[in-house]
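Novice: next come a sequence and a model predicted from it.
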Amino acid sequence: MRLKRPREKNLVPQNNPEKARAYAFLLLKFRLRSARELEERLKRKGFSQEQAGDTVNFLKTKEFIDDRVFAAKWAASRLRKPVGLRRIRQELAAKGIAQELIEEVLCGAQQEYSEKEIVKQLAEQRFARNRGVDAQKARARVYAYLLRRGFAPDVVKEVLANHDDC
C-alpha cells in the first residue's frame, strides 16, 4: 500500500513581484479586501512575508486597497442583511481593521441605522413564526436568534420586555 504524502504549497519564487501582484488583483477582482486579509492570502499562497508585505504596500500606494473604504463598504453591506453592530465590529476586527477605524465607521453607521427599530421588526417576524410555541420558549428562541445576528443584549432585552404578545 502506498502512503500519500501531504501536498506541499505551490511555492512561488520569492523574487517575482508580478506573480504576487497578479494574484492580489485576482483576489481584488472578486471583492474588496483589507490589507491584512490580502497579506494573509498571499502568504497562504506561498509568497514570502516580505513579498506579501511589498505587494500590499504597492497596492496601498496605488490606492487599490484602503482599509477605510473597505470597512465602510463592509459595514454598509452587512447592515442591509440586517445584522447588529456588535457582529460587524467583530467581523471587521477579524479582517484586521484597526479598532479606531472600526469605531469611526460604526459611529457614522449608527446615525443612519436604528438598531432598536430593526430588532423590533425582526422580533415581530420571529414571534409570528413561533405562534404555536409556548410563550416562554418563543421568547427564548427570539432572544437567541437576535443575539446570533449580533445585536446588543441590552437592546434585545429592552425590546422583548416591551413586547406585548408574550
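Specialist: Perfect, thanks for sending it.

Novice: can you report how many residues neighbour Ala94?
Specialist: Neighbourhood size, Ala94 [other Cβ atoms under 10 Å]: 11. In this view, the C-beta of every residue, glycine as well, is placed from N, C-alpha and C.

Novice: so for it, what's the pLDDT?
Specialist: Note on Ala94: pLDDT of 95.

Novice: now do the buried residues in the worst-scoring helix or strand of the chain on mean pLDDT.
Specialist: Among the helical and strand segments of the chain, the one scoring lowest on mean pLDDT, DSSP states H and E is helix 99-112, with a mean of 89. Across helix 99-112, burial judged by 16 or more other Cβ atoms under 10 Å covers 101-102, 105-106, 109.

Novice: next: stretch 110-121.
Specialist: Neighbour-count burial for stretch 110-121 [16+ other Cβ under 10 Å]: 113, 115, 118-120.

Novice: lowest-confidence entry in those residues?
Specialist: Tyr113 (82).

Novice: domain assignment for this structure?
Specialist: 17-61, 67-112, 115-161 (automatic domain parsing).

Novice: neighbours of Leu28, how many?
Specialist: Counted with other Cβ under 10 Å, Leu28 comes out at 14.

Novice: measure the residue nearest to it when sequence neighbours are not counted to Arg21 for me?
Specialist: In space, and not counting its chain neighbours, Leu28 is closest to Phe64: 6.3 Å by Cβ to Cβ, 6 or more residues apart in numbering. Phe64 sits 9 Å away from Arg21, taking Cβ to Cβ, to the nearest Å as the criterion.

Novice: and the strands in the chain, which stretches?
Specialist: For the chain, no strands are identified by DSSP state E.

Novice: show me the contacts for the closest residue to Lys116 other than its chain neighbours.
Specialist: In this structure, Lys116 finds its nearest non-sequential neighbour in Val155, 5.5 Å apart by Cβ to Cβ, 6+ apart. By Cβ atoms under 8 Å, 6 or more residues apart in numbering, Val155 lies in contact with 115-116, 119.

Novice: do the same with Lys157
Specialist: Tyr143.
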